[in-house]
Every structure is written in C-alpha cells, then in structure tokens.
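Chemist: got a sequence here, can you model it:
(chains A and B)
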2 protein chains.
Amino acid sequence: MKTLTFITGNPNKAEQLERYLCFPVCHKKLDIPEIQSLDVAEIATEKAQAAYAIIGTPVLVEDTALTFVALNGLPGTLIKWFLESIGNEGLTKLLDGYEDRNALAKTCFALCDENGVHLFQGECRGRVPSEPRGNSDFGWNPVFIPEGEELTWAEMTPEQSAVTSMRKKAVTALQAYLEENYES
Amino acid sequence: MKTLTFITGNPNKAEQLERYLCFPVCHKKLDIPEIQSLDVAEIATEKAQAAYAIIGTPVLVEDTALTFVALNGLPGTLIKWFLESIGNEGLTKLLDGYEDRNALAKTCFALCDENGVHLFQGECRGRVPSEPRGNSDFGWNPVFIPEGEELTWAEMTPEQSAVTSMRKKAVTALQAYLEENYES
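Modeler: Predicted coordinates:
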C-alpha cells in the first residue's frame, strides 16, 4: 500500500480528514506560498505540485473557497485573509448592503504522485446569517447555513455537519480513487 | 549606465512610471504568479527575485495595496481581485455598513539586481466616497479621495493626482537611488 501525506498547517483540517477518510494518511506542515487566484482547483494543483517536488512521495493538499453571490465570488479562495482581517462578524457585515445572502462553499483536494495531479471537489450551497452563530473553533463555520437547514455548521455536531459538508463530498471522491489506485 | 526592466502587464502603470521617473526603463510583461500575502513589500520582494532569476538583468516590480480602515486592512494587496469581482461600485458598497470610510493607499517598488532587493515605498491617506466618481480607466482611482482634497483621483488631471500619489512618492525615492547607483 502506498502512503499519502496530507500537507496542512491546520490541525482542524487534519483531524477532519482523519474522521472522513478511511485510509491511513500522515500529516505534514510545509510552508508553500499559495499563489493568488480565485480558482480553488488552480491553487490546489500548484500547491500539490510544489509539495510533491519537495517531498517526493504522494501528497495531498486542499484548498477551500467561500463565495458570496452578492459579491460576485468574493471572498472565494481569499477567505483566510478575510477571516484574519475582519473575522466572522466582519464577514456577515460585508453583506449588510445586499439582500442576497446566498453563498457557495467549495473544497478541492489535489493529490500529486508519479502520475500527475488528480482533483477531488465538493460544493455546498447555503446562506450567510446576519450574525455569526455557534462555536468559532473552525474557521467560518459560524457564518454558513447549509441549504435546507436552519443552523450554521458551527451550531451542529460534527455528525450533523458532515451530511452537507463540501469537504466530506470531496473526500468521498478521494476515497473511491484511493481504494482503486492505492490499495494492493 | 545599467538598464532597468519594469515588469508589468498593466500599460497604465508603465505609462505612469515613464511620466514620473526621469530614467530610461524598458517594460516587459512576464507571468509571475503572485504569492498570497497582505504585505506589499513581501509580494514585491518575491516577485522581483523571481523576475530577476528569469531575466538576469536588473528588474523593477511594483505592488500596490488599498487598505480600508473599517475592514482592518482589506482589500489591501488583494485589491485587484476585489476590482475584478465587484468593481468600484462594489468597493464603495462594502463600506455601507460602516461610518469609517478612511483608506490608505500604499505602493512598493522592488528593484532586484546583483546586490539583492531594494524597496521604495510610498503611502497616501484618503477616504472612500459613497459612489465611484470620475473616469474609471485606472483601477480604483474613482473610489479614492486623497486627504485634504474633495475630488477623487479619477476626477483629477494627471498633474493634480501626482501631487498626492503614493506611487509618485515611491518613484521619487527610486529616482534618488538610481541617480546614485545606476548612472556612471
């Protein structure tokens, strides 16, 4: 069986991947500068290639975007800078001038090995509440209410949020690939 | 006399540099992926080093940030993605939920040659009008009123806007360096 190294500096993402994926993965923090782009797939692809060039064994990286419909795609892949600058409170306030509070969350995993880069993506539609709600341990979960729900992801149990998680959808695609290609 | 190559894909920036700088500079478009950072100096430094590694003769690059005080630094160096996504109208609307419409414009030139990277920076304080005003040919000029003025940069003549331009201030520092180090 080949081993896979997940490149992340975010312990929450490492823990979540372990929970979603039935496949042994090691974790490694590696400082790879992310390129500026609004496309999760482009960022993940570049990051995976850069990490593979350093590590030399199969690597997995992830990029996530939170897109506000009223802001024509922003914050998108730049969400981490928005969070760092204005926090969840600021994110909800950005939409105060707009009626449309719809949002789209996207995750893209990129796996790079000797055969090149493979992408696994997931999406979830939702909306942004007027104020952040719930435990703010995991990024912008307090400002995302998935479609058909009333609670934000931060107000749900991990089991509840997994049902709509775009990351879970992406991991399901990744799981199928790994079963086919990485197990002997 | 050494030659200097200004790396930019923006013809307006090339034209403006020619107007501000009394020194011969050639222009070249070069696709260098910008790293994600909120620091103009960090982005310009990385870009200059990458361009110098490709070109091999002295290069000049520039990075500009537009910082909204109410948004704790955003859009900052990410301004081009904001412009692309929501335009000048969207930029003014971002501040609709806030009383504070103060802004700070920053430019950093980085020159990379055999002696390493030299930085030349300029800043200008100002505020964001409730609606974009003036000719929108040059980026976000319609949404910036420099301190002590009533017109946006886009409503001024090039001579008027040069008085407060942060890019002009940075170029003045660059000019002094070039006179001392680049002329025989």
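
Chemist: which parts of chain A sit against chain B?
Modeler: A:33-38, A:46, A:71-74, A:76, A:78, A:81-82, A:84-86, A:90, A:93-94, A:96-98 (CB under 8 Å from any CB of the partner chain). To be clear about C-beta, it is placed using only N, CA and C from the backbone, and glycine gets the same treatment.

Chemist: now those: which count as buried?
Modeler: A:33-38, A:46, A:71, A:73-74, A:76, A:78, A:81-82, A:85-86, A:90, A:93-94, A:98 (16 or more other CB atoms under 10 Å in any protein chain shown).

Chemist: show me where chain A has its strands.
Modeler: Assigned by DSSP state E, chain A shows strands spanning A:4-7, A:25-28, A:59-68, A:75-76, A:102-113, A:116-127, A:145-146.

Chemist: tell me how far the fourth one is from the chain's mean position?
Modeler: Offset of strand A:75-76 from its chain centre (CA atoms, centre = their mean, to the nearest Å): 12 Å.

Chemist: re the thing from before, of the residues of chain A next to chain B, which belong to helices?
Modeler: Among those, DSSP state H puts A:Glu46, A:Trp81, A:Phe82, A:Glu84, A:Ser85, A:Ile86, A:Gly90, A:Lys93, A:Leu94 in helices.

Chemist: export those to CSV and tack on pLDDT?
Modeler: What follows is those, written out as CSV (pLDDT from 0 to 100):
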residue, pLDDT
A:Glu46, 94
A:Trp81, 92
A:Phe82, 95
A:Glu84, 93
A:Ser85, 94
A:Ile86, 95
A:Gly90, 95
A:Lys93, 94
A:Leu94, 93
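
Chemist: may I ask which two of those residues are separated the most?
Modeler: A:Glu46 and A:Lys93 (31.8 Å; CB to CB).

Chemist: picking up where we left off before, can you list the strands of chain A in CSV and add distance to B:Glu180 and mean pLDDT?
Modeler: CSV is the format used below for the strands of chain A (distance: least, CB to CB, whole Å; pLDDT from 0 to 100):
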stretch, distance to B:Glu180, mean pLDDT
strand A:4-7, 45, 94
strand A:25-28, 46, 90
strand A:59-68, 44, 96
strand A:75-76, 43, 96
strand A:102-113, 47, 97
strand A:116-127, 48, 98
strand A:145-146, 59, 98
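
Chemist: closest to A:Tyr52 out of the ones you listed?
Modeler: Evaluated over the strands of chain A, closeness to A:Tyr52 peaks at strand A:102-113, with 3.9 Å, by CB to CB.

Chemist: packing partners for the closest one?
Modeler: helix A:40-55, strand A:59-68, strand A:116-127, helix A:166-181 (3 or more CB pairs under 8 Å, 6 or more residues apart in numbering or on different chains; DSSP states H and E).

Chemist: who does that strand pair up with?
Modeler: Looking at strand A:102-113 with DSSP bridges, its partner strands are strand A:59-68 (antiparallel), strand A:116-127 (antiparallel).

Chemist: in chain A, where is pLDDT below threshold?
Modeler: Within chain A, the segments meeting pLDDT under 70 span A:1, A:184.

Chemist: centroid residue for it?
Modeler: Geometric centre of chain A, nearest residue: A:Thr64, 3.4 Å, by CA atoms, centre = their mean.

Chemist: okay, it and chain B: tell me how far apart.
Modeler: The gap separating A:Thr64 from chain B is 14 Å, by CB to the nearest CB, to the nearest Å.

Chemist: my guess is that residue contacts A:Phe109, does it?
Modeler: No: taking contacts as CB atoms under 8 Å, A:Thr64 lies outside contact range of A:Phe109: 9.8 Å.

Chemist: contact partners for A:Glu131?
Modeler: Going by CB atoms under 8 Å, 6 or more residues apart in numbering or on different chains, A:Glu131 touches A:Glu89, A:Thr92.

Chemist: quick check: chain neighbours aside, which residue is closest to A:Val40?
Modeler: Spatial nearest neighbour of A:Val40, chain neighbours left out: A:Cys108 (4.1 Å); criterion: CB to CB, 6 or more residues apart in numbering or on different chains.
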